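Trainee: got a predicted structure here, sequence first:
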Amino acid sequence: MSVARTVLNRIKKGDEDCLWTYRDFADLPSLAVAAALSRLKKKGCIRRVRNGVYYVPRVTRFGTTTPAPPRVAAAVLTRRGIAWSPTGPAAYNRLGLTTQVSPTTTFAVSRKVRLAFAEPSIRLILRPAAAVPSASADERAVLDALRDLRWIPDTTPENVIARVSDLFRSNRISFARVARFARREPPRVRAVLGAIGSSIVADPNILEELKGSLNPMTHFSLGLSDKLATAREWNIR
């Protein structure tokens, strides 16, 4: 059977609303696969959303579907060997940190990268962040939320801190793990995390390690001194 026929049969056996990359045809000659996918695109059988990433749309009464941006980005980043994790407003909304539902997908990525998509509807922000392979998506989102504390829409820093504190108290998210992952974060993130840890009476050893990572002469002007009872202990103003 020709490579073109094999590629076509494999796609036909797959689901609609499905993404395909060269990795799905790794057992076939790459140049022949690229040519087969290109021909299928010209025939309208598949759509190219990015170089090397193709999509099989589903036809509905409202028209043909388009791929979800997170799936496209995940496929591309994984194909390029870049560690990623969802973050930004969508992740903050999932954790109850904001009520805003953003049409833009934001990923924390392990290194700077640029992605261009053929679909103009795909809105994506790639934000370089310290790679922490063992951190969960929620743990990564909490660290990013503390970094974005003053810029998260439809909320206030006080509300974000209160919600993060609740997440730690309920053990939905482990304070100990987040504190360990925070070692690579900016000092102000570690300071706010330490103040939250003090307010929820976290393990003193963990708090001592966090405080030891900060310069005692550095003060953080975050406008939280009257909103977080333990702020001054961590040189937060």
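Mentor: In hand now; what should we look at? Numbers count the residues shown, from 1 in each chain.

Trainee: residue closest to the middle of this protein?
Mentor: Residue closest to the mean C-alpha point of the chain, counted by C-alpha atoms, centre = their mean, is residue 86 at 1.6 Å.

Trainee: what's the helix or strand for that one?
Mentor: Using DSSP states H and E, residue 86 sits in strand 84-87.

Trainee: that strand: how far from the chain's middle?
Mentor: 1 Å (C-alpha atoms, centre = their mean, to the nearest Å).

Trainee: okay, and the beta partners of the residue nearest to the centre of the chain?
Mentor: Beta-bridge partners recorded for residue 86 (DSSP bridges): residue 107.

Trainee: you'd agree it is up against residue 137?
Mentor: Yes. With contact defined as C-beta atoms under 8 Å, residue 86 reaches residue 137; the gap is 5.5 Å. The way it works is simple: take the backbone N, C-alpha and C, and place the C-beta from them, glycine included.

Trainee: quick one: contacts of the strand holding residue 86?
Mentor: Strand 84-87 is contacted from outside by 70, 73-74, 77-78, 105-110, 127, 129, 135, 137, 140-141, 144, using C-beta atoms under 8 Å, 6 or more residues apart in numbering.

Trainee: what of stretch 227-236?
Mentor: For stretch 227-236, contacts defined as C-beta under 8 Å, 6+ apart pick out 157-158, 161, 191-192, 194-196, 198-199, 211, 214, 216, 218-220, 222, 224-225, 237.

Trainee: try stretch 29-42
Mentor: Stretch 29-42 is contacted from outside by 3-4, 7-8, 11, 20, 22, 25, 46-48, 54, using C-beta under 8 Å, 6+ apart.

Trainee: just the buried ones among these, please.
Mentor: Those of those that meet the buried threshold are 3-4, 7-8, 11, 20, 25, 46-48, 54, by 16 or more other C-beta atoms under 10 Å.
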